[in-house]
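A.B. asks: Requesting a structural model of the entry that follows:
(2 chains)
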Amino acid sequence: MNRSKPITGELLALKNEIEGYAIEYGLDFFPQVFEVCDYDTINILAAQGGFPSRYPHWKFGMDYDQLSKGYAYGLQKIYEMVINTDPCYAYLLQANNWVDQKIVMAHVYGHNDFFKNNAWFSNTNRKMMDVMANHGTKIRRYMERYGQDAVESFIDKVLSLENLLDINELFETTSLKRRREEQVVQQRAENEDDGYLIDDRSQALKSFMRTKARLNKKEEAKREDDEDMVVAEKPLTHKTKDVLGYLIQHAPIEEWQADIIGILREEAYYFLPQRMTKIMNEGWASYWHSTIMTQKALDASEIVDFADKHAGVMAMSRQNINPYKVGIELMRDIEYRWNRGMFGKEYNECSNMAEKLRWDTKLGKGKEKIFEVRKSHNDISFIDEFLTPDFCERQQLFTYKYNPRTGRFEIDSKDFQAIKQKLLSQLTNFGQPIIEVEDGNYMNRKELLLSHVHYGVDLDVGFANETLRNLYAIWRRPVNLKTKYEDKDVIFHFDGKEFKPQH
Amino acid sequence: MDHPIKRDHARFRKIVKGKIRDNLRKYVSQGNQIIPKGTDQFTVPMPSIDIPRFRFGDKSQGGMGQGQGEAGDPVDGQQDPNGQPGQGEAGEGEGNKELEVELSLDELARILGEELELPNIEPKGKKSLQSVVDRYTNIGTTGPDSLRHLRRTYKQALKRQIATDSYDPENPAVIPIRRDFRYRASDTKVEMQNAAVVIYMMDVSGSMGDEQKEIVRTESFWINLWLKSQYKDIEIRYIIHDATAKEVDENTFFRTRESGGTLISSAYNLCKEIIEKDYNPNEWNIYPFHFSDGDNWSADDTKLCLELLDKVILPVSNNFCYGQVESRYGSGQFYKDLAAKYGTTSDKLTLSKIKNKEGILDSIKEFLGKGK
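C.D. replies: Numbers count the residues shown, from 1 in each chain, chains lettered A, B, ... in the order given. You can find the predicted model right below:
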């Protein structure tokens, strides 16, 4: 099924050239593999989140449908794709012109360096290509066994909850690592018991063993369940945002269903750091493609093409902030300020504007600072720490809101604090509502209670209704969602038939 | 070999078609939701098929933008025209997807047919046009290597080895020899090319209002769709009438509004002329449709109509369809007259009353449900 092929000839020479510049600048990256492919292939890859092989699901078909049409109608075109793996894979579009290929390659080294060094990625599985492919194999096997419709519709339901993640899970470093190592040891032992190596089946076996203990526990629970529906379960000791993790442990589901939740949960957590560092990651990659191109790689004859392309990437929009643009500008702003010592108590307290503008302590720590920033921050801390009023003004940032009187979205404020608050609230929890499991035995009836941590923005009720419906299908008892709607506290209750608010 | 995503894609298309079927009644009663694109493609608006998630309500959320402007300036307007290269994680976005799905005529007609349980039409009379096609549906013992059928060849070899007792289960190698080889072979098939003509007649006198015409327009859209899927070749003619009848193009057909009396016979006469002139009943499947609110000028004219139907139109038609669109002003008398003579449904004539837009789908079923 290989539809992309390794680069050769001129492109390979170009790769070596660009890689040389990246090393000179101090970028630290995984081995980089470039492959070229045609539009159709890059659309396939994009639809599958960058991976050549995924589990079967109509959603990928839908995304592929839209990407292909978007391309056919000339609305959008994907130039390149980078995958967070070691070695780091990136795909180039065959039909790109020479300047594009240069820009893309330089850009890719930025991403690669970011993947390798940013703290939020430190626990991501760099062998995700294999893991994804194995997930595909497992789910296909479940489909053979339990029927495609049953498995696919269960996946639909789990995907509905896929954005309910806990970022702290990313940092359960020691326990995660230990668990992973234990699995390997255990698996080896099992293989030896059987007297031969199971290799490609290892993933399925592993998860089977893992869930076996759980099964025994559940059998017991079931017996109790039969005796008395309202028997009090052990209460939740603390709320959890890891809703999928909670369901694996406590929902009345089959083994294969628990395994599927586990699979989708693992994939969701794998993608999570990318969603948390969009501005930084794109800013960093753009900073490096711009630097490498303008200072090293660009041929004089290519300048106009480069400027045109670069300006396209940096284009501003009145409806959304462009992460490429904000990211690169903020990186440059940090570099500039740290080169000239434009930070700290003395600088901040200076009230002479002219002096502030000329401020230069010849500190020269710009490069060092941005490398440090790319290592330890995510979008929220990045914005929180480095966004300045000056910067907002220069970048012409503003907030907008819906005006019910005119029925339009209108510019609301250009005030620094308002902009910063808005940005931060948009980035909080990677732009998703924060939802926690609050009680698995709500009302002493084994109902599930989720609560929405409300920061001033209401949920979309229609979507909430549909989502609760899917949650109900997994929990198989009534589900509740505590939230605030139009300034009133409300609990939405779904009992399998009706969705209704209880004030 | 196809990439597995093509199966995901096929799966998606199947789900989409199911959704369209679920919503067919809505599409039909709301008229112009389905937009023809070219001659064989249609765009269908799609109710959400995306996976629901907890998300923020759009309006209360507002957002952030970049650019010039002062407080109070609208931010809507043209979209960002520049594609953004360098996506690290496409397919991860949470954007609202307004789905519009494209379907071919055949796909859409199949959905209509399945939902209404329409039988395929059995074309009448002699099959006039024939065409010869070659299809690889057969298996032969000779042929070029490129057409060798591996599975059949293997099977043949296995059979032979078992029959001659040269098959060894310990060493299950199957080696085909020359006479085991099987090849795909073409069969010559004669395919019928059936042609049909649809003749729409409509009363455009004052009592037929915009709403009535909208119903006719929607109903004819779906009827055409079905007939186009059933015949290789189809022609459509339009006749409007009040006291006199004339042939017009499609646009005029749905736009014209006259005042004045109604002589239905004028339309039937013109219909008869058109058939006699252009459509030899031995070569054509003929579908006259007449839509009116049921008023005719006089009992005498109705008599004339019945005579025309009896003598000329019914004998040459596959199915003559009379659709009575309910209007505040119409008496519905013509329906009663037809029903008195032929019954509400007979071999060659079908009557249908269309109360409102919601009645369109049932009316289509009445017209096309006989498979004629």
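A.B. asks: residues touching residue A:247, list them.
C.D. replies: Residues in contact with residue A:247 (Cβ atoms under 8 Å, 6 or more residues apart in numbering or on different chains) are A:161, A:253, A:261, A:474-475. Heads up, the C-betas are built off the backbone N, CA and C, glycines and all.
A.B. asks: tell me which of the residues you listed is nearest to residue B:249?
C.D. replies: residue A:161 (55.3 Å; Cβ to Cβ).
A.B. asks: and the closest one, that's in a helix?
C.D. replies: No. Residue A:161 sits outside any helix when classified using DSSP: H, G, I helix; E, B strand; the rest coil, being coil.
A.B. asks: quick one, what contacts the nearest residue to it once chain neighbours are set aside?
C.D. replies: Using Cβ to Cβ, 6 or more residues apart in numbering or on different chains and skipping residues adjacent in sequence, the residue nearest residue A:161 is residue A:243, 5.6 Å away. Residue A:243 makes contact with A:161, A:164-165, A:435-437, A:450, according to Cβ under 8 Å, 6+ apart.
A.B. asks: If we use 10 Å, what do you get?
C.D. replies: Contacts of residue A:243 were listed using Cβ atoms under 10 Å, 6 or more residues apart in numbering or on different chains, and they are A:161-166, A:261, A:265, A:435-437, A:448, A:450, A:471, B:54.
A.B. asks: wait, doesn't residue B:157 sit right on residue B:172?
C.D. replies: No. Between residue B:157 and residue B:172 there is no contact under Cβ atoms under 10 Å: 11.7 Å.
A.B. asks: out of the two, which sits in the more crowded spot?
C.D. replies: Using other Cβ atoms under 10 Å in any protein chain shown, the more surrounded residue of residue B:157 and residue B:172 is residue B:157, with 19 against 9.
A.B. asks: Quick one: mean pLDDT over the strand or helix carrying that one.
C.D. replies: Assigned by DSSP states H and E, residue B:157 belongs to helix B:150-163. Averaged across helix B:150-163, the pLDDT comes to 85.
A.B. asks: What is that helix packed up against?
C.D. replies: With contacts taken as 3 or more Cβ pairs under 10 Å, 6 or more residues apart in numbering or on different chains; DSSP states H and E, helix B:150-163 sits against strand B:129-140, strand B:183-193.
A.B. asks: can you pull out the strands in the stretch 251-372 of chain B?
C.D. replies: Assigned by DSSP state E, counting those that start in this stretch, the stretch 251-372 of chain B shows strands spanning B:284-292, B:320-325, B:349-354.
A.B. asks: Kindly report the same for the stretch 351-500 of chain A.
C.D. replies: Under DSSP E, counting those that start in this stretch, the stretch 351-500 of chain A gives strands at A:397-403, A:408-413, A:434-442, A:447-453, A:479-485, A:488-494, A:499-502.
A.B. asks: For chain A, find the nearest of the strands of the stretch 251-372 of chain B.
C.D. replies: When these are compared by Cβ to the nearest Cβ, strand B:349-354 sits nearest chain A, at 33.7 Å.
A.B. asks: elements contacting the closest one?
C.D. replies: With contacts taken as 3+ Cβ pairs under 10 Å, 6+ apart, strand B:349-354 sits against helix B:210-230, strand B:284-292, strand B:320-325, helix B:333-342, helix B:360-368.
A.B. asks: Looking at those, which is nearest to chain A?
C.D. replies: helix B:210-230 (22.9 Å).
A.B. asks: ok, and for the closest one, which residues are buried?
C.D. replies: By neighbour count on 16 or more other Cβ atoms under 10 Å in any protein chain shown, the buried set for helix B:210-230 is B:212-230.
A.B. asks: what angle do that helix and strand B:320-325 make?
C.D. replies: Orientation of helix B:210-230 against strand B:320-325 (axes from the mean of the first three to the mean of the last three Cα atoms, to 10 degrees) gives an angle of 150 degrees.
A.B. asks: What average pLDDT does helix B:210-230 get?
C.D. replies: Rounded mean pLDDT across helix B:210-230 is 87.
A.B. asks: Could you do stretch A:33-49 as well?
C.D. replies: What stretch A:33-49 shows for mean pLDDT is 93.
A.B. asks: any idea how far residue A:460 is from residue A:453?
C.D. replies: 16 Å (Cβ to Cβ, to the nearest Å).
A.B. asks: Those two: who's more crowded?
C.D. replies: residue A:460 (22 against 15).
A.B. asks: Would you mind confirming that that one is in contact with residue A:483?
C.D. replies: No. Residue A:460 is beyond contact range of residue A:483, at 11.0 Å (criterion: Cβ under 10 Å).
A.B. asks: Now do the shared contacts for those two.
C.D. replies: A:433, B:54.
A.B. asks: quick one, what contacts the residue positioned nearest the centre of chain B?
C.D. replies: The residue lying closest to the centre of chain B (Cα atoms, centre = their mean) is residue B:225, at 2.7 Å. Contact analysis of residue B:225 by Cβ under 10 Å, 6+ apart lists B:34, B:36, B:42, B:105-106, B:108-109, B:111-113, B:364.
A.B. asks: Dump these into JSON lines; add neighbour count, pLDDT and secondary structure as well.
C.D. replies: Listed next are the contacts of residue B:225 as JSON lines, based on neighbours: other Cβ atoms under 10 Å in any protein chain shown; pLDDT from 0 to 100; DSSP: H, G, I helix; E, B strand; the rest coil:
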{"residue": "B:34", "neighbour count": "21", "pLDDT": "80", "secondary structure": "coil"}
{"residue": "B:36", "neighbour count": "13", "pLDDT": "80", "secondary structure": "strand"}
{"residue": "B:42", "neighbour count": "19", "pLDDT": "85", "secondary structure": "strand"}
{"residue": "B:105", "neighbour count": "18", "pLDDT": "85", "secondary structure": "helix"}
{"residue": "B:106", "neighbour count": "12", "pLDDT": "85", "secondary structure": "helix"}
{"residue": "B:108", "neighbour count": "25", "pLDDT": "87", "secondary structure": "helix"}
{"residue": "B:109", "neighbour count": "21", "pLDDT": "87", "secondary structure": "helix"}
{"residue": "B:111", "neighbour count": "19", "pLDDT": "86", "secondary structure": "helix"}
{"residue": "B:112", "neighbour count": "24", "pLDDT": "87", "secondary structure": "helix"}
{"residue": "B:113", "neighbour count": "17", "pLDDT": "87", "secondary structure": "helix"}
{"residue": "B:364", "neighbour count": "25", "pLDDT": "89", "secondary structure": "helix"}
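A.B. asks: Go back to the residues you listed and keep what's next to chain A.
C.D. replies: Residues of the contacts of residue B:225 in contact with chain A (Cβ under 10 Å from any Cβ of the partner chain): none.
A.B. asks: can you redo those as a markdown table with distance to residue B:309?
C.D. replies: A markdown table is the format used below for the contacts of residue B:225 (distance: Cβ to Cβ, whole Å):
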| residue | distance to residue B:309 |
| --- | --- |
| B:34 | 33 |
| B:36 | 32 |
| B:42 | 34 |
| B:105 | 31 |
| B:106 | 33 |
| B:108 | 32 |
| B:109 | 29 |
| B:111 | 33 |
| B:112 | 28 |
| B:113 | 28 |
| B:364 | 22 |
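A.B. asks: Among these, which one lies nearest to chain A?
C.D. replies: Using Cβ to the nearest Cβ, residue B:42 comes nearest to chain A of the contacts of residue B:225, at 14.8 Å.
A.B. asks: what's around residue A:64, how many residues?
C.D. replies: Residues lying near residue A:64 (other Cβ under 10 Å) number 24.
A.B. asks: tell me the SS of it?
C.D. replies: helix.
A.B. asks: what sits against it?
C.D. replies: Shown in contact with residue A:64 (Cβ under 10 Å, 6+ apart): A:40, A:43-48, B:3, B:5-6, B:8-9, B:12, B:91.
A.B. asks: returning to what we had before: let me have the helices and strands packed on strand B:349-354 in TSV, adding distance to residue B:257 as columns.
C.D. replies: Shown next, in TSV, are these (distance: least, Cβ to Cβ, whole Å):
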stretch	distance to residue B:257
helix B:210-230	8
strand B:284-292	14
strand B:320-325	14
helix B:333-342	20
helix B:360-368	21
